[in-house]
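Asks: Any chance you can model this:
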Amino acid sequence: MSKVICYTNEKGFATLVHIAPEMFDADSPTRKELEAMGYIFENDEQIIAWVALKDIPPNTEYLVVDSEKLPTDKQYRNAWVIKDDKSGIDVSLDKAKPLQLDRIRNMRINVFDAADIEFNKAVEKVLNKLMGNNPDDADMIALKAVMQKRQDLRDAPAIDLSDVQTIDELKTKVPDVLKP
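Replies: Residues are numbered from 1 along each chain as shown. So this is what the prediction gives:
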């Protein structure tokens with residue numbers, strides 16, 4: 001079990017400082033080296049305080065948790081916050097929603113590229129027919145469908161997340177145009 005120092009950074013999410021496990025072993029080379037430099041630790045609390053002093057901003061409140069108590073799902077890592085009761089780390093739904101919108105924007109890139117190719121082919125087909133004959137209904141329907149798909153992709157990040165109540169629910173909230 002390893003200890004982690006947690007504090008809230010300037011962006012409002014939890015920053016973690018992992019303490020090397022050998023710091024808690026008095027016979028480890030790291031501890032021996034620190035002792036040679038004059039750093040003597042009598043207990044784990046002194047080690048934690050020393051690491052906090054050197055690794056977190058001055059005058060910053062922090063808490064120490066066991067690494068096993070950290071959230072296992074790192075998809076919304078930048079939405080991790082210290083629980084109000086200071087008992088550990090939680091995922092803030094309010095901070096996770098903008099991350100989900102970024103995820104949607106990234107998801108649509110490849111779909112947009114494929115839709116651009118479809119669009120260009122459909123436009124080319126219609127233009128070729130317009131130069132010779134009138135395009136048939138199937139070509140116009142295909143062109144309109146691709147145009148609608150491209151518009152749906154542009155609108156994807158505008159998805160309404162206001163009704164989302166849980167992180168698991170947020171993960172599934174993806175516009176239909178981006179679903180496989």
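Asks: tell me, what residue is most central in the chain?
Replies: The centroid of the chain falls nearest to residue 76 when counting by CA atoms, centre = their mean (3.7 Å).
Asks: Quick one, grab the pLDDT at that one.
Replies: With respect to pLDDT, residue 76 scores 94.
Asks: what phi and what psi does the backbone show at it?
Replies: phi -110, psi 40 (degrees, to the nearest 10).
Asks: That one: what's its closest spatial neighbour, skipping adjacent residues?
Replies: residue 96 (4.2 Å; CB to CB, 6 or more residues apart in numbering). For glycine as for every other residue, the C-beta is placed from the backbone atoms N, C-alpha and C.
Asks: Quick check: pLDDT value at the one you found.
Replies: pLDDT, read off for residue 96, is 95.
Asks: tell me the strands in this protein, going along the chain?
Replies: Per DSSP state E, the chain carries strands over the ranges 3-8, 14-18, 63-66, 80-82, 89-91.
Asks: quick revisit: can you count the residues close to the residue nearest to residue 76?
Replies: 23 (other CB atoms under 10 Å).
Asks: and it, what is it in contact with?
Replies: Each residue near residue 96 by CB atoms under 8 Å, 6 or more residues apart in numbering is listed here: 76, 79, 167, 170.
Asks: how about TSV for the strands of the chain, with mean neighbour count and mean pLDDT added?
Replies: Formatted as TSV, the strands of the chain follow (neighbours: other CB atoms under 10 Å; pLDDT from 0 to 100):
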stretch	mean neighbour count	mean pLDDT
strand 3-8	19	94
strand 14-18	18	94
strand 63-66	16	92
strand 80-82	19	94
strand 89-91	19	93
